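1. let me see the structure of the following:
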Amino acid sequence: MPPEVVSFVLVGNDRPWAKLMVASVREHLPNARIVQMSDPDTDSIVDEVIRKPYDGRMMTFRLDHLADFPHDSMLILDDDCIVKGNVSHVFKKSFDVALTLRTGPVHYEGINMTESCPYNTGVMFSRAQDFWARAAQVAHNLPDRFQRWWGDQMAVGLTARRGKWLVYDLDVQRYNWSPGAPSDTSDALVWHYKGKRKEWLH
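-> Presented below is the predicted three-dimensional model:
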């Protein structure tokens with residue numbers, strides 16, 4: 001049961017690794033619609049593009065896009081992820097959203113974020129548009145700095161804890177793995193080249 005849609009947010013034309021992500025989706029999920037959620041100025045790298053005005057608050061921008069997008073099944077990726085295998089089997093599970101659970105502590109601006117951000121949102125599976133509507137509402141009520149960075153992970157974590165939606169926890173090491181060096185190997189199905197790891201994507 002492949003996802004109906006694979007979506008990603010792209011703002012700016014200085015992110016060449018996004019094309020590698022799209023190519024990996026086409027290889028391993030060839031029947032999925034690939035939707036670029038973008039601003040008015042970013043070039044299209046897929047056929048289907050949805051655009052919204054961008055005010056510099058990336059986290060609320062991303063969640064607003066997801067909240068407004070009708071779907072039955074959707075895989076949501078960061079643009080610096082590479083799909084290494086077919087993840088369609090995830091949709092055989094019962095869930096409204098399936099999220100990759102962190103395995104270690106995370107700090108941002110001296111704050112321990114592990115409790116408020118239990119999930120890494122680089123890879124998410126969804127069957128529930130209303131989950132994203134609630135997460136977007138939560139994000140818009142966060143301080144401005146979190147609307148610009150980290151706020152989507154905070155909002156997703158807070159929304160997941162409400163209990164209204166069935167949340168399935170996925171193994172981050174298999175579905176949202178970040179290599180520690182260019183030479184690292186793994187059987188993970190999605191590799192996430194977050195931070196300076198993007199330099200390894202050539």
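
2. use CA for all of it now, contacts and neighbours both
-> Fine.

3. neighbouring strands - and their directions - for the lengthiest strand in the chain?
-> In the chain, with assignment by DSSP state E, the single longest strand is strand 119-126. Strand pairing for strand 119-126, determined by DSSP bridges: strand 74-77 (antiparallel), strand 97-101 (antiparallel).

4. any buried residues in stretch 112-127, and which?
-> 113-114, 117-127 (16 or more other CA atoms under 10 Å).

5. same deal with stretch 61-68?
-> For stretch 61-68, the neighbour count (16+ other CA under 10 Å) marks 61, 62, 63, 64, 65, 66, 67 as buried.

6. other residues contacting that stretch?
-> With CA atoms under 8 Å, 6 or more residues apart in numbering as the test, stretch 61-68 has contacts from 9, 37, 52, 54-55, 129-136, 139, 152.

7. now the buried residues of stretch 112-127 as TSV including distance to residue 146?
-> Output for the buried residues of stretch 112-127, formatted as TSV (distance: CA to CA, whole Å):
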residue	distance to residue 146
113	12
114	15
117	12
118	15
119	16
120	15
121	14
122	16
123	19
124	20
125	23
126	23
127	26
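
8. out of the residues you listed, who's nearest residue 43?
-> Nearest to residue 43 among the buried residues of stretch 112-127, counting by CA to CA, is residue 122 at 21.5 Å.

9. in what helix or strand does the closest residue to residue 158 other than its chain neighbours lie?
-> Leaving aside its sequence neighbours, residue 158 sits nearest to residue 116 (CA to CA, 6 or more residues apart in numbering; 7.0 Å). Element membership of residue 116, judged by DSSP states H and E, is empty: it is in no helix or strand.

10. for stretch 105-125, measure first residue to last.
-> End-to-end distance for stretch 105-125, by CA to CA, to the nearest Å: 23 Å.

11. quick one, grab the pLDDT at residue 108.
-> At residue 108, the model reports a pLDDT of 69.

12. same thing with the one 4 residues further on?
-> Confidence per residue is given as pLDDT, and for residue 112 that number is 73.

13. how much space between it and residue 106?
-> 6 Å.

14. before we move on, the earlier item: isn't the residue nearest to residue 158 right up against residue 159?
-> No. Using CA atoms under 8 Å, residue 116 is not in contact with residue 159, being 10.6 Å away.

15. that older thread, out of the buried residues of stretch 61-68, which is nearest to residue 198?
-> Among these, residue 62 lies closest to residue 198 (CA to CA), at 20.0 Å.

16. you'd agree the closest one is in a helix?
-> Yes. Residue state for residue 62 (DSSP: H, G, I helix; E, B strand; the rest coil) corresponds to a helix.

17. any idea how many residues pack against residue 74?
-> As a burial measure, residue 74 scores 26 neighbours (other CA atoms under 10 Å).
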